[in-house]
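Student: just to be clear, the model below is a prediction. Sequence and coordinates:
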Amino acid sequence: MFSRKLEMDARLKILETKLSQTPALAVIHEWPRVAMLVRKSLERGEGSYVEADVALACISGAWQLWIVERNGEVVAICVSEIMNFPRKRKCLLRYLAGDMPAIEDNISTIEHYARQAGCHMLEGYARKGWTRRMPNWTQTHVVMQKEL
């Protein structure tokens, strides 16, 4: 019985993920580990940003790079931005890519960061399917675009 519990604990440890914010000064060192996922997150965008733009925003500290790791391997990323408005402060989740359950399991870390930064809410732009994955979130708008 004891060995089964140890075996189960070891399996759970293998599946355990950890999300951490990358300090702006460390982004340049972490970039090779996250670049592929950043590019993947940009694929669905409309072309407002390229990888270099995201890297520079994170390196400058304007945006925050979050890395989800499992056993030292990057499995997902999130890029956020603190946005100030006249009456509210929001934490915008700009880009997400990788193992989505790993991000979902760790979103409370970003929520805590946002609260500590004085934010009143998290906000994100995502494909429609995300509304099913984020039951505690409210869909408030539909974004519409027209190419000129």
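Tutor: Happy to help now that I have it. Residues are numbered from 1 along each chain as shown.

Student: going forward, measure contacts and count neighbours with C-alpha atoms only.
Tutor: Noted.

Student: could you give the bridge partners of the residue sitting nearest the centre point of the chain?
Tutor: When C-alpha atoms, centre = their mean is applied to the chain, the residue found nearest the centroid is C78 (1.9 Å). Beta-bridge partners of C78, counted by DSSP bridges, are W66, L96.

Student: check contacts around it.
Tutor: C78 makes contacts with 65-67, 93-97, 103, as judged by C-alpha atoms under 8 Å, 6 or more residues apart in numbering.

Student: how about a cut-off of 10 Å?
Tutor: Counting by C-alpha atoms under 10 Å, 6 or more residues apart in numbering, C78 makes contact with 19-21, 34, 37-38, 41, 64-68, 93-98, 103, 107, 110.

Student: what is the rounded mean pLDDT of stretch 90-100?
Tutor: Regarding stretch 90-100, the rounded mean pLDDT is 93.

Student: could I get the buried residue list for that stretch?
Tutor: Along stretch 90-100, the positions that meet the burial threshold by neighbour count (16 or more other C-alpha atoms under 10 Å) are 90-98, 100.

Student: try stretch 49-62
Tutor: Of the residues in stretch 49-62, 54-55, 57-59, 61 count as buried by neighbour count, 16+ other C-alpha under 10 Å.

Student: name the next helix or strand downstream of the worst-scoring helix or strand of the chain on mean pLDDT, please.
Tutor: In the chain, the helix or strand scored least confidently by mean pLDDT, DSSP states H and E is helix 2-15, which has a mean of 52. Once the chain leaves helix 2-15, the next helix or strand it forms, by DSSP states H and E, is strand 18-22.
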